[in-house]
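Asker: Turn this into a structure:
(3 chains)
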Amino acid sequence: MYDIVIIGAGVIGCAVARELSKYNANVLVLDKNEDVCAGTSKANSAIIHSGYDAKNGTLKAQFNVRGNAMMDDLCRDLDVPFKRIGSLTICTDESQIADLEKLKERGEQNGVPGLKILNREELLEIEPHIADGVVAALYAPTAGIICPFKLTIALAENACENGVRFHLMTEVTKIEKADEGWKVTTNHGEYLTKTIVNAAGVYADEMNNMVSENKLKIIPRRGDYILLDRTAQGYVRHTVFQLPTELGKGVLVTPTVHGNTIIGPTAFDIDDKESTATTASAIAQVTEKSAISIKGLPTRQVITSFAGLRAREAGKDFILGEAEDAEGFFNCAGIQSPGLSSAPAIGAYIADLIKEKLTLSEKEDFVATRKDILDPSKLSLEERNELIKKEPAYGTIVCRCESVTEGEIIDAIRRPLGARSLDGVKRRVRAGMGRCQGGFCSPKVMDILVREWGLSMQDITKSGGDSHIVIGRTKDGDE
Amino acid sequence: MMMQYDIVIVGGGPAGLAAAVAAKESGCDSILILERDNELGGILNQCIHNGFGLHTFKEELTGPEYADRFIQQVKELQIEYKLNTMVMDISPERVVTAMNRDDGMFLITAKEVILAMGCRERPRGALNIPGYRPAGIFSAGTAQRLVNIEGWMPGKEVVILGSGDIGLIMARRMTLEGATVKLVAELMPYSGGLKRNIVQCLDDFDIPLKLSHTVVDIEGKEHITAVTIAQVDENCRPIKGTEERYTCDCLLLSCGLIPENELSTSAGVELSRVTGGPVVNESLETNIKGVFACGNVLHVHDLVDYVSEEAKKAGETAAKYVRGEITDNRGKTIAIRAESGVRYTVPTTLNPDAMDDLLTVRFRVGDVYKDAYVSVYFDGERVQHKKKRIIAPGEMEQVILQKKQIMQYPELSAITLKVEEV
Amino acid sequence: MEKRELICIGCPMGCRMTVEMDGGEVKSVSGYTCPRGKTYAEKEVTNPTRIVTSTVRVTGGGKERVSCKTASDIPKNKIAAVMAEINAVTVTAPIKIGDVLIENVGATGVDIVATANAG
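Answerer: Numbers count the residues shown, from 1 in each chain, chains lettered A, B, ... in the order given. Model (predicted):
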């Protein structure tokens, strides 16, 4: 019998898990994917909003501002790259300055510190490549950028080290009331638990609707993005949003913590909860719109395009807390933007509710910190050579575009909840994330995965499931 | 631990090997080749098809055999090399930072550096192909490595986008290994590959080649299951209503090569916007003194024989610098310009005092021309006018400039190459 | 009279040639623009040959496969038979470039030789 089963190992599920790992409780996280951070959390803008965008009084507003404030400590404790670079919401017409003022006011009521309207001159000083048509912007100094993979993985690893169990590749098919608590049925058997946390992303409605009469409806909203090579660095210093107009919502242009530039997203409501296919027109649209914000952005240096799904619920706000008609079933549903920004606050809030519910006691040996995978490029020459002497694998570069060593990849595989797939390695250490997109390194990463997990090449996948890379041996495969 | 070499060569593929041999034969003894892979030979090791070496060795060799000819020379000449060694940085002062598991990270000061890092393939992301991002999509070279070196099949039902030579070669290779290649789609109205490869890699196996076609959708959430191909208009935009769906478990991309110049940039080397490779003079020297470039890092070649020839030049000049025969090559320069149909030239400048009696200027054109002239102008005067039956973007072209002739034009400021149609 | 359409592989021109044949004998070639085209066409319709390159399984070295080729060209219609033999064989390292891996492959009189070293 578990105390808590968390459905979904995205940033929300992992944030809740990590908070709950502070208590003496039997916690299990279930996810249908082969790795944590494999759904909505993996494909988004990778930004931490300041919190002026959400309407006053909404959960979004409240949790965004709170989550934003928690980010520094959390990222320090978990060794996650996070930079408060500030955001700019630009407008291209004098008449829109009034709208910026309104946003500023809204933000101030939400509790966002430091908001300021900048005129073009002031803007140019801090964002020299701002497009010619931009007349003013709302500056939000507390906005930041983060690596969403690293955040989610760090939360999961830390939770795991503090005793939370993770069952991946485990898909929840049924949730029923049990004599005591709940029975959760999956493709890998049944679990009994006192409480459930529904952090199932775009599937959160399906989970909720199995236990509650307050039906939810999540309509995934697809967002297409393009990612530019690090060689395009330097054109944008802040996260630059476009003020929504009658013509549409606009796209953001932002640097990433790794030095790439991200442009997007589009917004298409879709039926299929797995439909992360991009379209040509969407990619073109994103590329085109970026010019409204930034002048001369070398969009030809695109290294990849992708689409993510926002778990948008019909009611438009987050749905957080115990379902009224399902005791012990806690929802974290409708977590679309600013979900990443809100994650730490949502984690703390839900964990608090459950602590009360189950009267959990605090763990004495909770380890609050976690070290990220060692990045040898941050070492001095002497330190690096000492490391290579001890662990020669740190002397072999596997991914040349991102300068990732074999030592880092081995670390990514061997640590708790280690990488099992090419994408798992990529999200942890960036091998294959660079300009050649794994063209050179994927066979080598596969070799390392084969060796470390004792698998065959045919078992290695891009991202679990049926995403095998090779289908068999040449020469008819009879070996 | 600072090592010192007269010449450090970055890359042990065909360019690096030929440069090393030439430098050694020109009298330089202190040479080090740094190779990132576990054997010398570079990409030739996975190019197991034949057709290499007709110019250099007057016989038809496979890639590994061609590489081996140079590797044997390197060994006989006792040229030093380090395998599994990645160059991490090159400074403008020619301090090379490299790393491997035995030596750790180490610095080398080099009198001359020869860049010979080769090129990489344009990945799917850079092509902006819409659709899902499942497993089963490979750049053709990655698939070539898996099949030829490691012995693994990436798929059984294959669609290939791009009719560059690697794509054509892989069409045959996959077919011979038992896969069905459904078609090769090419965005352009002409193929970038050799006619011989179209006949012997596609026609021999009844593999259709669809020109002016591209992939407009990729299906399959985990593994690729199908692609949609559509015809494109003259602006390369897909034409509605021409879509055709092909089931497949593998999509190979052969859509262009990009010189790998991240290290060159760190050394302060100026790159050409057209080739993506360094801007060089007649001695293949970059804007940074003592830094040379050759092979596919300089510009993408069609035949390895030309790579070897070019690299030889770089090696010889570097050796001349070492011997003190040249101290600074960057004296009087004449610009070499590419105009009307000529996309680029290598080199882009020449110093008549430094040039050999003959200088080969290589170039590529931007379109297919039949019965057109390749002309060379010395400032306003046309000095060469050669009719060519056909000139195509897939084939590297060349003109030869004579020192004797250039010397007759003491005021010459620019040499211009043009394609002139009748 | 039998007609065969061919594309010349001699250069990027890719001349479309027509060969007229009578009982396996070339009567005429048209469409070529240089003598190389004519020679190619005559050979291609009477005795088309190809070099086959592939890999064979290798054991006892660090490698899984070693590349190989037919030592000279073989009749085009023998490609499948040659591949079947290549796919069936496993060789043992060490292998040197030029080593004969299969003698008289597919009864063509041509050997399969290694094009790379192994072990």
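Asker: Does chain C have contacts with stretch B:381-392?
Answerer: Yes. With Cβ under 8 Å from any Cβ of the partner chain as the criterion, chain C is reached by stretch B:381-392 at B:389-392. (Glycine included, C-beta is placed from N, CA and C.)
Asker: wait, isn't B:Ser91 in contact with B:Val269?
Answerer: No. Applying Cβ atoms under 8 Å as the test, B:Ser91 and B:Val269 come out as separate, 11.4 Å apart.
Asker: The two - which one has more neighbours?
Answerer: B:Val269 (23 against 15; other Cβ atoms under 10 Å in any protein chain shown).
Asker: who's in contact with that one?
Answerer: B:115, B:261, B:278, B:286-288, B:291, B:293 (Cβ atoms under 8 Å, 6 or more residues apart in numbering or on different chains).
Asker: Name the helix or strand for it, please.
Answerer: For B:Val269, there is no host helix or strand (DSSP states H and E).
Asker: I'd like to know how far it sits from chain A.
Answerer: 14 Å (Cβ to the nearest Cβ, to the nearest Å).
Asker: which bits of the stretch 151-300 of chain A sit near chain B?
Answerer: A:226-227, A:231, A:274, A:276-280, A:282-283.
Asker: which of these sit farthest apart?
Answerer: By the measure Cβ to Cβ, A:Thr231 and A:Glu274 form the most distant pair in those, at 33.0 Å.
Asker: neighbour-wise, which of the contacts of B:Val269 leads?
Answerer: B:Leu115 (35 neighbours).
Asker: and that one, how far is that from chain A?
Answerer: Distance from B:Leu115 to chain A, by Cβ to the nearest Cβ: 15 Å.
Asker: Thought B:Gly290 was touching that residue, still the case?
Answerer: No. The criterion here is Cβ under 8 Å, and B:Leu115 misses it with B:Gly290 at 11.3 Å.
Asker: which parts of the stretch 151-300 of chain B sit against chain A?
Answerer: So the stretch 151-300 of chain B meets chain A at B:151-156, B:177-178, B:216-219, B:221-223, B:238, B:249, B:262, B:265 (Cβ under 8 Å from any Cβ).
Asker: Just the buried ones from these?
Answerer: B:151-155, B:177, B:216-219, B:221-223, B:238, B:249, B:262 (16 or more other Cβ atoms under 10 Å in any protein chain shown).
Asker: what does the longest helix that chain C contains contact?
Answerer: Using DSSP state H, we find that the single longest helix of chain C is helix C:35-46. Defining contact as Cβ under 8 Å, 6+ apart, one finds that helix C:35-46 is touched by C:4, C:6, C:8-11, C:15, C:17, C:19, C:21, C:24, C:26, C:29, C:31-32, C:49.
Asker: In helices only, show me the residues of the stretch 151-300 of chain A next to chain B.
Answerer: Per DSSP H, those map to helices at A:280, A:282-283.
Asker: give me the number of residues near residue 93?
Answerer: I'll assume chain A. 13.
Asker: Oops, wrong one, chain C.
Answerer: 15.
Asker: hang on, it packs against C:Gly61?
Answerer: Yes. Contact between C:Ala93 and C:Gly61 holds when scored by Cβ under 8 Å: they sit 3.0 Å apart.
Asker: hey, what's in contact with both of those two?
Answerer: Joint contacts of C:Ala93 and C:Gly61 (Cβ under 8 Å, 6+ apart) are C:118-119.
Asker: Can you give me every residue that contacts B:Lys389?
Answerer: For the record, residue B:389 is Arg, not Lys. Contacts of B:Arg389 by Cβ under 8 Å, 6+ apart are B:370-371, C:11, C:13, C:33.
Asker: Leaving out the residues flanking it, which one is nearest to B:Leu176?
Answerer: Closest residue to B:Leu176 apart from its sequence neighbours, by Cβ to Cβ, 6 or more residues apart in numbering or on different chains: C:Met83 at 5.4 Å.
Asker: can you pull the pLDDT of that neighbour?
Answerer: On the pLDDT scale, C:Met83 is placed at 96.
Asker: Next, it: secondary structure please.
Answerer: helix (DSSP: H, G, I helix; E, B strand; the rest coil).
Asker: That one against C:Val52, yeah?
Answerer: Yes. Between C:Met83 and C:Val52 there is a contact under Cβ under 8 Å: 6.9 Å.
Asker: So the two - more neighbours on which side?
Answerer: C:Val52 (25 against 19).
Asker: Low-confidence regions, the stretch 1-150 of chain A specifically.
Answerer: In the predicted model, the stretch 1-150 of chain A carries no residue with pLDDT under 70.
Asker: which residues touch the residue in it that chain C sits nearest to?
Answerer: Using Cβ to the nearest Cβ, the closest approach of the stretch 1-150 of chain A to chain C is made by A:Glu34 at 26.8 Å. The neighbours of A:Glu34, taking Cβ under 8 Å, 6+ apart as the test, are A:168-169, A:420-421, A:424, A:461, A:463-465.
Asker: Among the residues you listed, which one has the most neighbours?
Answerer: A:Gly424 leads the contacts of A:Glu34 on contacts (other Cβ under 10 Å) with 28 neighbours.
Asker: my read is that residue is in a helix, agree?
Answerer: Yes. Counting by three-state DSSP, A:Gly424 is part of a helix.
Asker: how many other residues sit next to the closest residue to it other than its chain neighbours?
Answerer: Using Cβ to Cβ, 6+ apart and skipping residues adjacent in sequence, the residue nearest A:Gly424 is A:Asp35, 4.6 Å away. Using other Cβ under 10 Å, the number of residues around A:Asp35 comes to 27.
Asker: quick one: contacts for A:Asp35?
Answerer: Taking Cβ under 8 Å, 6+ apart, one finds A:168, A:417, A:419-421, A:423-424, A:427, A:463-464 in contact with A:Asp35.
Asker: ok so it is a helix residue?
Answerer: No. Secondary structure of A:Asp35 (three-state DSSP): coil, not part of a helix.
Asker: tell me the phi and psi of it?
Answerer: phi -150, psi 160 (degrees, to the nearest 10).
Asker: B:Phe138 now?
Answerer: phi -130, psi 150.
Asker: Quick check, it in contact with B:Ser254.
Answerer: No. B:Phe138 is beyond contact range of B:Ser254, at 10.0 Å (criterion: Cβ under 8 Å).
Asker: Quick one: distance of stretch A:446-454 to the chain centre.
Answerer: 26 Å (Cα atoms, centre = their mean, to the nearest Å).
Asker: coming back round to it: can you tell me which of the residues of the stretch 151-300 of chain A next to chain B lies nearest to chain C?
Answerer: A:Ala280 (31.4 Å).
Asker: Domain boundaries for the chain, per the record?
Answerer: Chain wasn't specified; assuming chain A. A:2-41+A:148-217+A:315-358, A:82-145+A:219-310, A:376-472 (automatic domain parsing).
Asker: hmm, I had chain C in mind actually
Answerer: C:2-47, C:53-114.
Asker: any idea which of those is most buried?
Answerer: Most buried of those by mean neighbour count (mean count of other Cβ atoms under 10 Å in any protein chain shown) is domain C:53-114; its value is a mean of 18.
Asker: okay, how far is it across that one, tip to tip?
Answerer: End-to-end span of domain C:53-114 (Cα to Cα, to the nearest Å): 10 Å.
Asker: Give me the phi and psi angles of the residue sitting nearest the centre point of chain C.
Answerer: Nearest to the geometric centre of chain C sits C:Arg50, at 1.9 Å (Cα atoms, centre = their mean). Main-chain dihedrals, C:Arg50, degrees, to the nearest 10: phi -140, psi 150.
Asker: dump the residue contacts of it.
Answerer: By Cβ under 8 Å, 6+ apart, the neighbours of C:Arg50 are B:200, B:204, C:73-74, C:76, C:79.
Asker: Dump those residues into a markdown table; add pLDDT and secondary structure as well.
Answerer: Formatted as a markdown table, the contacts of C:Arg50 follow (pLDDT from 0 to 100; DSSP: H, G, I helix; E, B strand; the rest coil):
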| residue | pLDDT | secondary structure |
| --- | --- | --- |
| B:Gln200 | 93 | helix |
| B:Asp204 | 95 | helix |
| C:Asp73 | 93 | coil |
| C:Ile74 | 96 | strand |
| C:Lys76 | 95 | helix |
| C:Ile79 | 96 | helix |
